[in-house]
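# build me a model:
(one chain, ligands or ions: 1)
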Amino acid sequence: MRQDVLPELSELQRIIAAGGSQLQSRIVCEVRSGKRQFPVHAITLGNPSREVPAVGFFGGVHGLERIGAEVVIAYLASLVMRLQWDSVLQRQLESLRFVFMPLVNPGGMSLGTRANPRGVDLMRNAPISATEDVPFLVGGQRISSRLPWYRGPSHGPMEPENEALCKIVEEELLSRRFSIALDCHSGFGISDRIWFPYAYTTRPIAHLAEMHALKDIFDRTHAHHRYVFEPQSRQYLAHGDLWDYLYLRACADPERTFLPLTLEMGSWLWVRKNPRQLFSRHGMFNPTIAHRQQRVLRRHLPWLDFVARAACSGARWIPTGEARQGHRALALKRWYGGTVR
Ligand SMILES: [Zn+2]
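Numbers count the residues shown, from 1 in each chain. Sure thing, here's the model as predicted:
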């Protein structure tokens, strides 16, 4: 079957080949889209021991948001090139496990749809429902797969792409005491945002102090960054969020710390510079001019590299005792109006 219709997939396969024996690649599921079939790849590198922390990078969950997949692929490409000469990276690989799933929804990407080929929005498909009101349709709906934000049938299994993603997260991230995941999206609003759970409730997560400490070291390391760091619930609530679901699973073991993050690249920035993009099929979600695309890719790579370094170095910044209480209090004030509902 033809597989050459997705440039992102061809690029990913070229990078996997270039990595040779220094990385492992497996096909975690195959997705059919019309007459075509696409593999979903998972790539791992670094120390496989359960004793070291892990970091996971995910992209292409929404088929329209190609730039998300491209950012993850660009970071993987840069690591693969550095494997050949960078001894600092070699040391990092001794104390960290890297996981990549850059193209979770290749079927949707080939069709130019947010949903997968079965019409299901993978970020509304996890078995978890919001406990407060969600915005109509956008928050996830079970009216029809022909409408956007379709959750899939109730009580059905998750979509194969999501099953595969969850399996990788369980095997590679939740099997360790500390891990961070970053899922890259685009298309929401003007600013670049970094979201953490929850999406299903306005209540704070158990690891609010750790999230605040992570934001704190990021602010101090990249003083002029432009990201808005916040819980997703500050923008809107949704049913079926995969990272809510995986975070709650991770919390079943109190010894485990799993910090899932979502990068939302604010596409209105590039639409404003080229309003004609509003009328192109991919334009709202992706910069269409090559130099702008390169600038978007470049701008976010330092954030991805920061996440990998933070995952590797948790012992140096994860707060304990009074410091942890202090971070939690600051986080409640910053993001939750100082009170817990
Ligand atoms: Zn998205």
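# okay, CA-based contacts and neighbour counts for the rest of this
Fine.
# check whether stretch 101-110 contacts the ion.
No: using Cα under 5 Å from the ion, we find that stretch 101-110 stays clear of the ion, coming within 11.0 Å at best.
# off-centre distance for that stretch?
The chain centre lies 13 Å from the centre of stretch 101-110; the measure is Cα atoms, centre = their mean, to the nearest Å.
# one more: stretch 252-259?
18 Å.
# how about stretch 331-341?
Here the centre of mass of C-alpha atoms in stretch 331-341, compared against the chain's by Cα atoms, centre = their mean, lies 25 Å away.
# quick one: buried residues of that stretch?
331-332, 335-336 (16 or more other Cα atoms under 10 Å).
# stretch 214-233 too?
214-215, 218, 227, 229-233.
# tell me the one of those residues nearest Leu111?
Gln232 (27.6 Å; Cα to Cα).
# farthest pair in the buried residues of stretch 331-341?
So, these by Cα to Cα: farthest apart are Ala331 and Tyr336, at 7.4 Å.
# so which helix or strand takes in Phe258?
Using DSSP states H and E, Phe258 sits within strand 257-265.
# Leu301 now?
Going by DSSP H and E, Leu301 is in helix 290-312.
# quick one: residues in contact with that helix.
Helix 290-312 is contacted from outside by 52-55, 67, 70-71, 74-75, 92, 95-96, 178-180, 182, 214, 218, 270, 286-287, using Cα atoms under 8 Å, 6 or more residues apart in numbering.
# swap in 6 Å and give it another go.
For helix 290-312, the surrounding residues in contact (Cα atoms under 6 Å, 6 or more residues apart in numbering) are 55, 71, 96, 180, 287.
# doesn't the last one belong to a strand?
Going back to what we said before, that points to Pro287. No: assessed by DSSP: H, G, I helix; E, B strand; the rest coil, Pro287 does not belong to a strand; its assignment is coil.
# pLDDT value on the residue lying closest to it once chain neighbours are set aside, please?
Nearest non-adjacent residue to Pro287, counting by Cα to Cα, 6 or more residues apart in numbering: Gln293, 5.3 Å away. In this prediction, Gln293 carries a pLDDT score of 76.
# likewise for Leu297?
82.
# now do it: how many residues are near it, please.
Leu297 has 19 neighbours, counted by other Cα atoms under 10 Å.
# quick check: it vs the ion, distance?
According to Cα to the ion, to the nearest Å, Leu297 and the ion sit 16 Å apart.
# next one: Ser145
17 Å.
# who's in contact with the residue in the stretch 101-250 of the chain that the ion sits nearest to?
Residue of the stretch 101-250 of the chain nearest the ion, by Cα to the ion: His185 (4.3 Å). Each residue near His185 by Cα under 6 Å, 6+ apart is listed here: 68, 263-264.
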